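J.: compute the structure for the input listed below.
(2 chains)
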2 protein chains.
Amino acid sequence: MERIEHRACFGGWQDVYEHASGTLGCTMRFAVYLPPQASEPGAKLPVLYWLSGLTCTEQNFITKAGAQRYAAEHGVVLVAPDTSPRGDDVPDADGYDLGKGAGFYVNATTLPWARHYRMYDYVVEELPALVEAHFPVSDARAISGHSMGGHGALVVALRNPGRYRSVSAFSPIVAPSQVPWGEKAFSTYLGEDRAAWARYDATELVKAATEKLPLLIDQGDADELLDLQLRPQLLQAAAEAAGHPLYLRLQPGYDHSYYFIASFIGDHLAHHAKALNA
Amino acid sequence: MERIEHRACFGGWQDVYEHASGTLGCTMRFAVYLPPQASEPGAKLPVLYWLSGLTCTEQNFITKAGAQRYAAEHGVVLVAPDTSPRGDDVPDADGYDLGKGAGFYVNATTLPWARHYRMYDYVVEELPALVEAHFPVSDARAISGHSMGGHGALVVALRNPGRYRSVSAFSPIVAPSQVPWGEKAFSTYLGEDRAAWARYDATELVKAATEKLPLLIDQGDADELLDLQLRPQLLQAAAEAAGHPLYLRLQPGYDHSYYFIASFIGDHLAHHAKALNA
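T.: Model prediction:
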């Protein structure tokens, strides 16, 4: 593991690391923000994992969201991985919504994708193990993300009871099995068996979730993708039917951009810090 | 004037406008952040102008600095212009430090630059007139910037007593006549007469400034450009000799990036808001 960026930020350090991922079979980058508290002797800080959306790398969140200020306030480490396997050996597709930059946080089962496209296992297993071995962190974890990454955060939390103290999402794809982006990605990475899709669909998973971890979701009502790709009311109906706590906040006038994320990331950090530091 | 971006942000609006600039003889873009207070009836808010550094457009500051949060707190409008004239008719040069993206906030007097490269007049005259005619703002102005833009902010404030209530800079080029970037730009845009250079050099201007507007400067001590291009001690010596108030803060560990700006832009907004709302 090699540190390739190291920049002072709000009294701590915004770093980027590169490592050989066994899960993904390629070289990966991830960002780590270490707040000022991380340099105290014996520090063991909680971690918030952030999953980014389509086309993003580990850079988007750390340059645009302004989350470091709040992480420094609350003493929370931020970890932001890339959104797909990378490199010349990794298969790709035309378009921004499949292949590189569009891993959809699944373990692919079809060819040629199955060899490298295993972002679910990377996010749930390999990355936390790496982070917990090399940084001054505890095993108190939270997870959040945006759009495709909001989908990833919800799915990862719902499928792993006890592993995360809190979960939130901005503008998530809540029902990928029922919208064009998800149908395209899942039929490509998972094949045509919709039972396999359900294991990566928050609206399906919430129906049987044993741990009632509250879901905090912010969604802009001027989001250009709201009706076609996001459809939060599908998750809302499923959560209500299942008695699963969901705090869905429709934010008037906000769109799908990082200006929206920046405006409310402070609320999300406070939400996670409360659970992580409890 | 046409609005080409309009995004909700911290309860206000982060907009981008395009207009035909008479001063520059080309189409220009500038960003405007209107805080929530701007939508109140009869609002007349103060304005902070932000000048960006080499290679930047109107986008860098609005996507990376996280200034909107503080502008919303203080009720200050933010205006961020591009860094040079633009378009196919505008002469350019090889390299990032001359030509497009590198206007250096001067009025060029040499050929082929003199026709379009008049960023000084654009920033001092045309842009504020446009802003004050079209937005709910008062004539209370402040100015700040980064690197080449920090140079611009200091020069513009020092040359126009009474026009700005406050001035600050991040990592500014304080003595362009004495460093490689400035020598290259000034000899190209202004010719070899160093008396002409002095009118765009904060270290020269501070010697004769009649208005003792305090200069707030943040400078990272791990800035990779500190010794070659920035050299704040040259301004410090001149300000001390002239009795001009200068608050130069060397920030340990910080570099030249927007992570540095984001970490301290809240302090600068507070500094400007105090002067603007006094």
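
J.: so which bits of the stretch 51-200 of chain A are right by chain B?
T.: The interface of the stretch 51-200 of chain A toward chain B, taken as Cβ under 8 Å from any Cβ of the partner chain, is made up of A:63, A:64, A:66, A:68, A:69. Quick note: C-beta positions are derived from backbone N, CA and C, even for glycine.

J.: among the residues you listed, which lie within helices?
T.: Taking DSSP state H as the definition of helices, those contribute A:63, A:64, A:68, A:69.

J.: mind listing what the last one touches?
T.: Applying Cβ atoms under 8 Å, 6 or more residues apart in numbering or on different chains, we find residue A:69 in contact with A:10, A:266, B:66, B:262, B:263, B:266.

J.: and the two most separated of those residues?
T.: Spatial extent of those (Cβ to Cβ) is set by the pair A:266 and B:263 at 15.6 Å.

J.: residues touching the spatially most central residue of chain A, list them.
T.: Central residue of chain A (Cα atoms, centre = their mean): residue A:51, 2.4 Å from the mean position. Applying Cβ under 8 Å, 6+ apart to residue A:51 gives the contacts A:80-81, A:83, A:105, A:123, A:143-146, A:148-150, A:152-153, A:156.

J.: ok, and for the strand or helix carrying residue A:217, which residues are buried?
T.: Per DSSP states H and E: residue A:217 is located in strand A:215-220. Buried positions in strand A:215-220, judged by neighbour count with 16 or more other Cβ atoms under 10 Å in any protein chain shown: A:215, A:216, A:217, A:218, A:219, A:220.

J.: put the alpha carbons of that strand into CSV.
T.: This file holds the C-alpha atoms of strand A:215-220, laid out as CSV (Å, rounded to 0.1, in the frame of the first residue of the first chain):
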residue,chain,number,x,y,z
LEU,A,215,-32.2,4.8,6.9
LEU,A,216,-31.5,8.6,6.5
ILE,A,217,-32.0,9.7,2.9
ASP,A,218,-31.8,13.2,1.5
GLN,A,219,-33.3,13.7,-1.9
GLY,A,220,-33.6,17.0,-3.9
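
J.: give me the number of residues near the closest residue to residue A:58 other than its chain neighbours?
T.: Closest residue in space to residue A:58, ignoring its immediate chain neighbours: residue A:31 at 4.4 Å, by Cβ to Cβ, 6 or more residues apart in numbering or on different chains. Using other Cβ atoms under 10 Å in any protein chain shown, residue A:31 has 23 neighbouring residues.

J.: ok so, going back, restricted to helices, list the contacts of residue A:69.
T.: Judged by DSSP H, the contacts of residue A:69 include A:266, B:262, B:263, B:266 as members of helices.

J.: nearest to residue B:113 among these?
T.: residue B:262 (33.2 Å).

J.: pLDDT score for the residue of chain A positioned farthest from its centre?
T.: Distance from the centre of chain A peaks at residue A:41, with 29.7 Å (Cα atoms, centre = their mean). On pLDDT, residue A:41 comes in at 96.

J.: then residue A:278?
T.: Residue A:278 carries a pLDDT value of 86.

J.: correct me, but it touches residue A:165?
T.: Yes. Using Cβ atoms under 8 Å, residue A:278 is in contact with residue A:165, at 7.4 Å.

J.: neighbour-wise, which of the two wins?
T.: Set residue A:278 next to residue A:165 and count neighbours by other Cβ under 10 Å: residue A:165 wins out with 21 against 9.

J.: surely that one meets residue A:141?
T.: Yes. Shown here, residue A:165 and residue A:141 form a contact pair, counting by Cβ under 8 Å, at 6.5 Å.

J.: shared neighbours of those two, anything?
T.: Common neighbours of residue A:165 and residue A:141, counting by Cβ under 8 Å, 6+ apart, are A:46, A:276.

J.: one step back: turn the buried residues of strand A:215-220 into JSON lines, including pLDDT and distance to chain B.
T.: JSON lines is the format used below for the buried residues of strand A:215-220 (pLDDT from 0 to 100; distance: Cβ to the nearest Cβ, whole Å):
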{"residue": "A:215", "pLDDT": "97", "distance to chain B": "23"}
{"residue": "A:216", "pLDDT": "98", "distance to chain B": "19"}
{"residue": "A:217", "pLDDT": "98", "distance to chain B": "17"}
{"residue": "A:218", "pLDDT": "98", "distance to chain B": "12"}
{"residue": "A:219", "pLDDT": "98", "distance to chain B": "12"}
{"residue": "A:220", "pLDDT": "98", "distance to chain B": "7"}
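
J.: which pair in the residues you listed spans the largest distance?
T.: Counting by Cβ to Cβ, the most remote pair of the buried residues of strand A:215-220 is A:215 and A:220, 17.1 Å apart.

J.: and for residue A:209, the neighbour number?
T.: Neighbours of residue A:209 (other Cβ under 10 Å): 19.

J.: do the same with residue A:224
T.: 12.

J.: also the one 10 residues further on?
T.: Look at residue A:234: counted by other Cβ under 10 Å, it has 17 neighbours.

J.: give the contact list for it.
T.: A:174, A:175, A:178, A:203.

J.: and residue A:222, by the same measure?
T.: Residue A:222 makes contact with A:252, A:253, A:254, A:255, B:8 under the criterion Cβ under 8 Å, 6+ apart.

J.: separation between the last one and chain A?
T.: The span separating residue B:8 from chain A equals 4 Å under the rule Cβ to the nearest Cβ, to the nearest Å.

J.: what about that residue, distance to residue B:14?
T.: 8 Å (Cβ to Cβ, to the nearest Å).

J.: identify the contacts common to those two.
T.: residue A:259.

J.: pick out whichever of the two has more residues nearby.
T.: The neighbour comparison of residue B:8 against residue B:14 (other Cβ under 10 Å) goes to residue B:14, with 23 against 20.
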